[in-house]
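> got a structure for you, letters missing:
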């Protein structure tokens with residue numbers, strides 16, 4: 001389906017409003033159908049800024065953006081577009097000869113990203129994907145992808161990372177119509193579980209959804225200060241499953257086999273494995289985090305000890321010798 005036909009079919013649907021606690025974060029979660037449609041309006045303009053097929057590329061970010069980089073790198077390489085790595089902006093692999101570096105930064109001001117682009121990554125073609133085209137980030141990149149339509153007021157990121165992955169998948173040739181339908185459904189439906197019934201949250205993925213699992217766990221920590229962990233699904237048996245029990249909610253972000261989920265159920269834990277596109281599953285996790293924040297009397301828009309962007313006022317520590 002073409003982007004124009006996709007927009008036409010979805011624009012006729014009624015607006016979706018979730019019933020999660022009122023907050024900027026919940027409003028931004030609910031806005032994702034509109035934002036995703038905007039992301040799909042012109043994927044060709046984004047494609048022109050990204051590494052061409054067969055080019056050796058590195059994707060970087062911090063926090064949520066690092067997990068998006070992880071997912072996007074896996075998707076690009078599996079699509080046969082070329083060798084693609086990801087890294088935290090503060091931990092760049094040394095001397096790998098990358099032709100292209102794609103930096104993801106919602107704010108355009110993250111210190112580690114700016115330092116990476118100005119320093120170790122400066123020999124590569126540098127593309128920045130951002131919601132705020134700041135002078136600082138423009139000064140250290142060769143091309144900028146502007147996702148300002150996905151920017152957020154909340155400290156917590158929700159629609160910016162999903163919009164980026166939507167357009168990334170579209171550029172790689174994925175049909176996003178089913179994902180959009182799933183998104184509309186998860187925002188219209190009540191949550192499948194009550195987050196307050198659990199004290200321990202585990203998120204599992206395979207392939208590109210490992211990055212989504214890490215992001216889902218981060219949302220639960222940021223919004224609700226909850227005990228959450230994430231990992232590649234098959235590694236869960238290698239120790240972490242020992243902590244699972246009746247107070248645990250274990251969520252599959254996609255690709256997790258029934259045999260493992262049966263092992264999890266045997267611990268007494270609750271398994272959530274919705275038959276949805278992985279990005280729609282992530283939105284369920286976003287909603288659960290906001291719901292638990294409300295139940296705990298916390299404001300998901302302004303998480304404890306966090307700010308919208310990490311801007312260091314001093315030199316970052318040097319790498320160990």
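Thanks, I have the structure now. Since the model is a prediction, treat every value here as computed from it, not as a measurement. Numbering: from 1, shown residues only.

> what's near enough to touch the residue nearest to residue 79 when sequence neighbours are not counted?
Spatial nearest neighbour of residue 79, chain neighbours left out: residue 172 (4.4 Å); criterion: C-beta to C-beta, 6 or more residues apart in numbering. In this view, the C-beta of every residue, glycine as well, is placed from N, C-alpha and C. The contact partners of residue 172, by C-beta atoms under 8 Å, 6 or more residues apart in numbering, come to 75-76, 79, 81.

> Apply 10 Å and report the result again.
In this structure, residue 172 makes contact with 43, 47, 50, 72, 75-76, 78-81, judged by C-beta atoms under 10 Å, 6 or more residues apart in numbering.

> Mind checking which of those are in helices?
43, 47, 72, 75-76, 78 (DSSP state H).

> before we move on, the earlier item: would you mind checking the contacts of residue 172 for buried ones?
Among the contacts of residue 172, those classed as buried by neighbour count (16 or more other C-beta atoms under 10 Å) are 43, 50, 72, 75-76, 79, 81.

> Retrieve the pLDDT associated with residue 302.
The predicted structure scores residue 302 at 84 on the pLDDT scale.

> Check for me that it belongs to a strand.
No - under the criterion used here (DSSP: H, G, I helix; E, B strand; the rest coil), residue 302 is coil, not part of a strand.

> Tell me, how many residues neighbour the closest residue to it other than its chain neighbours?
Taking C-beta to C-beta, 6+ apart as the measure, residue 302 lies nearest to residue 155, with 5.9 Å between them; neighbours along the chain are not counted. Neighbouring residues of residue 155 were enumerated by other C-beta atoms under 10 Å; the total is 18.

> And for residue 222?
For residue 222, the count of nearby residues is 25 (other C-beta under 10 Å).

> just the helices in the stretch 51-200 of the chain please.
Per DSSP state H, counting those that start in this stretch, the stretch 51-200 of the chain has helices spanning 64-78, 111-118, 135-138, 159-171, 177-188. These are given in chain order.

> returning to that earlier point: want to try JSON lines for the contacts of residue 172, with pLDDT and distance to residue 187 as columns?
Converted to JSON lines, these look like this (pLDDT from 0 to 100; distance: C-beta to C-beta, whole Å):
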{"residue": "43", "pLDDT": "91", "distance to residue 187": "23"}
{"residue": "47", "pLDDT": "93", "distance to residue 187": "28"}
{"residue": "50", "pLDDT": "93", "distance to residue 187": "29"}
{"residue": "72", "pLDDT": "98", "distance to residue 187": "23"}
{"residue": "75", "pLDDT": "98", "distance to residue 187": "24"}
{"residue": "76", "pLDDT": "98", "distance to residue 187": "28"}
{"residue": "78", "pLDDT": "97", "distance to residue 187": "28"}
{"residue": "79", "pLDDT": "97", "distance to residue 187": "28"}
{"residue": "80", "pLDDT": "97", "distance to residue 187": "33"}
{"residue": "81", "pLDDT": "96", "distance to residue 187": "31"}
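
> Could you list the domains of this structure?
41-171, 177-295 (automatic domain parsing).

> Can you name the residues bridging to residue 270?
Following DSSP bridges, residue 270 is listed with bridge partners residue 249.

> show me the contacts for it.
For residue 270, the residues meeting the contact criterion (C-beta under 10 Å, 6+ apart) are 192-193, 197-198, 244, 246-251, 264.

> Just the ones in strands from the residues you listed, please.
When the contacts of residue 270 are checked against strands using DSSP state E, the ones located there are 248-251.

> How about the contacts made by residue 63?
Shown here is residue 63, whose contacts under the criterion C-beta under 10 Å, 6+ apart are 88-89, 104-106, 110, 112, 157, 161, 214-215, 218, 222, 306, 309-310.

> go again using 7 Å as the cut-off
With contacts defined as C-beta atoms under 7 Å, 6 or more residues apart in numbering, residue 63 is in contact with residue 218.

> ok, now residue 191?
Neighbouring residues of residue 191 by C-beta under 7 Å, 6+ apart: 287-288, 291.

> May I see these arranged in JSON lines, with neighbour count, pLDDT and distance to residue 126 as well?
Output for these, formatted as JSON lines (neighbours: other C-beta atoms under 10 Å; pLDDT from 0 to 100; distance: C-beta to C-beta, whole Å):
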{"residue": "287", "neighbour count": "26", "pLDDT": "98", "distance to residue 126": "35"}
{"residue": "288", "neighbour count": "28", "pLDDT": "98", "distance to residue 126": "36"}
{"residue": "291", "neighbour count": "23", "pLDDT": "97", "distance to residue 126": "39"}
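
> quick one, what contacts the closest residue to residue 200 other than its chain neighbours?
Using C-beta to C-beta, 6+ apart and skipping residues adjacent in sequence, the residue nearest residue 200 is residue 248, 4.3 Å away. With contacts defined as C-beta under 7 Å, 6+ apart, residue 248 is in contact with 198, 200, 202, 269.

> Alright, calling it a day.
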